Structure formats: C-alpha cells, structure tokens
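Novice: coordinates only, sequence not included:
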C-alpha cells in the first residue's frame, strides 16, 4: 500500500517549494479560468480570449528584456489589448472579429521581435519557451501574493456583473431594454478576461492558456443546465487537471523516453482534452438516445390505428 | 412650444384648446409617435411616422423585410435616436422580445433562469434564489404555458417554446407596453397561432398594450385592434378596414396595389401601374396557406 503511495507521490513531492508554489498558483489560475471561461463560452468570445493571451505574450517577452516579473508584462499588455479591441469596436460581432484580428497580428509581430532579442541577448531559448509554453515549476514564491490579488480582482469583477452579463449574453438588446449599459458590462468582462488570461499565461504559457480557459468551461456547460453550477464544475475540472498535471510531471522524471520529465503544460492540456472528449462522447450518446422520444408523439397515432385494424380483422 | 408663441396675437384661445385636446389625447395614449423620422447610414428608414397605442390594445406592426419595423421598435425603446419628431411613452415599464434570439443548445440556462433575468437581470451581484422570486417566476411560466419545461435547457426548446419563455421574460417586469419583434418568424402555423392567442389573452386580461411586428398580417387578423402598416419608411395606422385598402396602401407604396380578400384572409398584390400590367403580380404580403382557409 505504502509502495503504491510512494509511486504516485514520489519522495520530495510535498517537501518541494517549487511543487507547493505550482499547486497554489495552478489551483488559483484554474478557478479563475473556469469561472471566466464559462462566460467566455457563453458570449462566444473564445477567439478574443486566445488573442488576449497572444497579446499578453508581447508583454511577457518584453518583461524578460526589462528584467521585470513576467506576470506584470502579461497583465499590462493583455489589459491594454482588451482596451484596444473595445475601442476598435468589439461590441458588434462582425467588427469584433476584425478588431481582434488586427490587434492580434500587430502584437504577435512585436513579440516575435522581443523574443528574438530575448534569445539572442541571453543566448538561450529558455525565455521563449517559458513565455509561449509556460514553466510552472520555475515560478518564484514571491509571485503567489500577486496571483492571489489578481485572481480576487478578476473574480470580483465577474461576480459584480454576473446577472447583466447573462442577460446581455442572451441578446444585447434584452440588456439595453432593461437600461443596462451593455457596453460597460462588456468592458468589465473583458478586463476580467484579460486578467484571467494573464494569470494562466504564467502557468501554462500564452499559447496554451486558452486550453484552461475554454476546455473546462466547454466541458462544464455540457454537464449542467445552471450557469452557477457550470462555473463550479469548470473550476473543479480545471483544478483537478492542473494538480494532476503537476503530479504527473513530477513523477515523469522516471518516465521514458529520456528521463528528463514531461512538461506540465502538455500533461494539463492532455487531461483537459480527455475530460472534454469523455463528456462529449457520453452526453452525445445520451442525447441521441433521448431525442427520438419527443417527435413520435404524433407519428405514434397511425401505428396504433394499424394495430387496432389488425385486432379488428 | 414654438406654436404657442406664434399664436399669441391671433387665435390664442383656439391654440389653447388645441393644446388641451393634444394633452388629453396623450394622456389616453400609452405610446404616441408624432412625425418620427430616422436616418441610418444616409438612408431615411422612417419618414414622418405617427400613431398611438392605448392600454390593452393589440396592434400589429406590418411591413415587408427592411420596411423599418425593427428600427421603429428600437426608437420606442429609446435604443435608437430620432432625427425628427417626438416619441412619448407614458409608462417606462416596457417589455421587449427582440428578433432572432438564437440560443445554442449548450447554453447553461434553464427556461426559469431566463425568466428570472427579466426580473432582476439589471442588478449587480449573483442574486441568491428566494422563495418570493421563485413564486414570481413560476407564476409567469404558468401564465404563458411554459411550466412543463421550466427546468429544461432553453437552447433545447422548440422555437414556439422559446418564444413563450421570452414572452414570460418580458412580462415579469409587469410592463404596460409589450413590444415583440417578429415573434412569429420561424414558427410553424399552429405554434404561431398559439403565440398570437396567448398574447391576445394577456393584452385583454392584464390590460397590457401589445405592439407586435410581423411581415405577414393574416395570423394577427383575428386579434388585432389596430394595424400600423409600414412601407418605404412611411406608416398608415387605423383599424384593418381603414388601413388595408387599395387607396391607402397604394399611397403608401407610391404605386398601385390591390387588396384582395379571400376567405377572411387578406392578400396585398402589387402590379406595375395597374392590375393589367403585363408581367404578372408580385406578391408583397401573401397568405402562407391559402387553401386551408377555415379560420
């Protein structure tokens, strides 16, 4: 029994400061991403979420050049990016995609430049890998308070505009008819989204941050009909995937092929995708089993008549 | 306003009588539009539209696609600025059902959640469930006959069921005026008749004025008190008998149209310059099911 325990939680797992930091930051990031992610899915803003992460990458790579903690870089640029998208016209669906695309393209160009300087000046590819794909074990303990504060800010913003967001998600004019400033509500949400994306970028990297934002949320909306419950499910799935990913990655130093370990980001994303596929397959089967129950109410009548006819005959 | 100063020396008494009569009419009307004009992107969408709606009245807002129906409803809601004229809404409690609310099957909202958002959707915070709120919501769901699917995902309901839920959403704020934008579009004949009957009952029982836009008037004919007919941004209003005539509609369209009545249904048929104009009639507003005319 203790042998199994030791295989799962290998020596040093609970004693390691790096693991402790990874579990705390990873857990917080997963909760924020889950809650914000459900609204992102509901409002159809997945593309905006992904773009904010890419824009944040510009900040992350700039932060290395200036020797500033990367979280500040990610935060600054994704919030500025959100503001720019809003200014260009994110409130109309068609111009929204366009605005997002323009900001995204510009930011990725700049981050290509910054990452090039990062790697040539420091003559290592480490920063580029960290910005794009994350390295949660390399986070310093001093980032924990920052992560706690910004997680709280993002969650408070979403909770504050929870009902107007749901209303505007149904149809913006429904919100406006109730004298809700749909644009202001959209802006508050975009700020919460920008913070969530910056937080997940330091954990999983800017490219994979979309996975923890959208994956658990998309799984959760299949599991429940209630928005609040969907957020709890999304947070739970995200935290489990994150923690399990950290654990597996720690264990993977004994794994093939190279005994150099498997990256956390890959494992977390693999777990999230597995959860989504599992729920999608089972709920898909459930739905196709339930669907035919409804229409045949009318179609059943002639059949009964036919049976009657047979009886009479 | 400017009229009163101009009339000081001439017929001051007559002007005062006119103002008094105006005020009386406005107090009776829940909603009145006076020569409202709206331009959107350089195009005049509404040109001098005037009509009034009184409490408990069922008004059909009829017009082809692009006639300005949605713009007119958005003007009444205060979502669209007018370039000229005046809109007065006597009671700010206005319920609204927008056009094409597309709900994906995956949206994690139950029918009762959508109705509850009509009650407190504008408030900040999460809004914890309360017995009082649940009672209001259940009452509304029952009033529109949506109680059997109160706990179902809205995205999985049929078009007619979704319309009922949205009507309950609009009604729960206790409006005096209910605006619906093309609620019958995409509904089959029987659910469209059900929704019309439901709205007529609500208008009568709760004295709520209903203003419903549609590109087809026939499903509404049994219940409408008045019709506002929109064409090319101009409007004619009155009872069906007053508005749907060859003279009024020809003036509105700016060319000759014929109004045909078949088994209690109305067909508006346009020809180029007259009934004998060569290329055959173009149907503007046709009955969907002319054969089964047993209404």
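Specialist: Structure received. Predicted, not measured: the structure shown is a model, and the values here were computed from it.
Novice: Report the buried residues of the helix or strand containing residue A:191.
Specialist: Here residue A:191 is covered by helix A:182-204, with elements defined by DSSP states H and E. If you call a residue buried by 16 or more other Cβ atoms under 10 Å in any protein chain shown, then helix A:182-204 has these buried ones: A:182, A:185-204. Using the backbone N, CA and C atoms, a C-beta is placed for each residue, glycine as well.
Novice: so which of these are also by chain B?
Specialist: Judged by Cβ under 8 Å from any Cβ of the partner chain, the overlap between these and the neighbourhood of chain B is nil.
Novice: Distance of residue A:49 relative to residue B:70?
Specialist: Here the distance between residue A:49 and residue B:70 works out to 31 Å (Cβ to Cβ, to the nearest Å).
Novice: for residue B:136, same thing?
Specialist: Applying Cβ to Cβ, the value for residue B:136 to residue B:70 is 29 Å.
Novice: More neighbours: which of the two?
Specialist: Neighbours around residue B:136 and residue B:70, counted as other Cβ atoms under 10 Å in any protein chain shown, are more numerous at residue B:70. The numbers are 21 against 18.
Novice: My guess is that one contacts residue B:214. True?
Specialist: No: the pair residue B:70 / residue B:214 is not scored as a contact, 11.9 Å apart, by Cβ atoms under 8 Å.
Novice: Overlap of the contact sets of the two?
Specialist: When contacts are counted by Cβ atoms under 8 Å, 6 or more residues apart in numbering or on different chains, residue B:70 and residue B:214 are jointly contacted by residue B:182.
Novice: Tell me how many other residues crowd the closest residue to chain B within the stretch 201-313 of chain A.
Specialist: Proximity of the stretch 201-313 of chain A to chain B (Cβ to the nearest Cβ) peaks at residue A:230, 4.2 Å away. Residues near residue A:230, counting by other Cβ under 10 Å, number 29.
Novice: go on, residue B:223?
Specialist: Using other Cβ under 10 Å, residue B:223 has 17 neighbouring residues.
Novice: On the three-state scheme, it is what?
Specialist: With DSSP: H, G, I helix; E, B strand; the rest coil as the basis, the three-state label of residue B:223 is coil.
Novice: separation between it and residue B:197?
Specialist: Counting by Cβ to Cβ, the gap from residue B:223 to residue B:197 is 7 Å.
Novice: what stretches of chain B score poorly on pLDDT?
Specialist: B:1-27, B:271-295 (pLDDT under 70).
Novice: can you do 50?
Specialist: Residues of chain B that meet the criterion pLDDT under 50 lie in B:1-10, B:26, B:273-295.
Novice: Got the phi and psi for the residue nearest the centre of it?
Specialist: The centroid of chain B falls nearest to residue B:212 when counting by Cα atoms, centre = their mean (2.4 Å). For residue B:212, the backbone dihedrals (degrees, to the nearest 10) come out as phi -120, psi 130.
Novice: And for it, nearest residue in space, chain neighbours not counted?
Specialist: residue B:180 (4.6 Å; Cβ to Cβ, 6 or more residues apart in numbering or on different chains).
Novice: ok, which stretches of the stretch 101-250 of chain A are helices?
Specialist: When secondary structure is read from DSSP state H, counting those that start in this stretch, the stretch 101-250 of chain A shows helices at A:126-133, A:143-160, A:162-170, A:172-177, A:182-204, A:209-223, A:227-251.
Novice: Make CSV from those helices and add mean pLDDT to it.
Specialist: CSV is the format used below for the helices of the stretch 101-250 of chain A (pLDDT from 0 to 100):
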stretch, mean pLDDT
helix A:126-133, 74
helix A:143-160, 93
helix A:162-170, 90
helix A:172-177, 87
helix A:182-204, 89
helix A:209-223, 91
helix A:227-251, 92
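Novice: residues contacting the closest residue to chain A within the stretch 101-250 of chain B?
Specialist: Nearest residue of the stretch 101-250 of chain B to chain A (Cβ to the nearest Cβ) works out as residue B:121 at 3.6 Å. Counting by Cβ under 8 Å, 6+ apart, residue B:121 touches A:163, A:164, A:166, A:167, A:174, A:175, A:178, A:180.
Novice: residue contacts, the fifth one?
Specialist: Listed by Cβ under 8 Å, 6+ apart, the contact set of residue A:174 reads A:167, A:168, B:96, B:98, B:101, B:117, B:121, B:169.
Novice: Please identify the pairing partners of the host helix or strand of the third one and their relative orientation?
Specialist: Under the criterion DSSP H and E, the helix or strand holding residue B:96 is strand B:94-97. As defined by DSSP bridges, the strand partners of strand B:94-97 come to strand B:177-181 (parallel).
Novice: any idea which of the contacts of residue B:121 has the most stuff around it?
Specialist: When neighbours are counted by other Cβ under 10 Å, residue A:167 leads the contacts of residue B:121 with 27 neighbours.
Novice: That one contacts residue B:122, correct?
Specialist: Yes: between residue A:167 and residue B:122 there is a contact under Cβ under 8 Å: 7.2 Å.
Novice: Give me the distance between the residue nearest to the centre of chain B and residue A:143.
Specialist: Residue B:212 sits 57 Å away from residue A:143, going by Cβ to Cβ.
Novice: Many thanks, have a good one.
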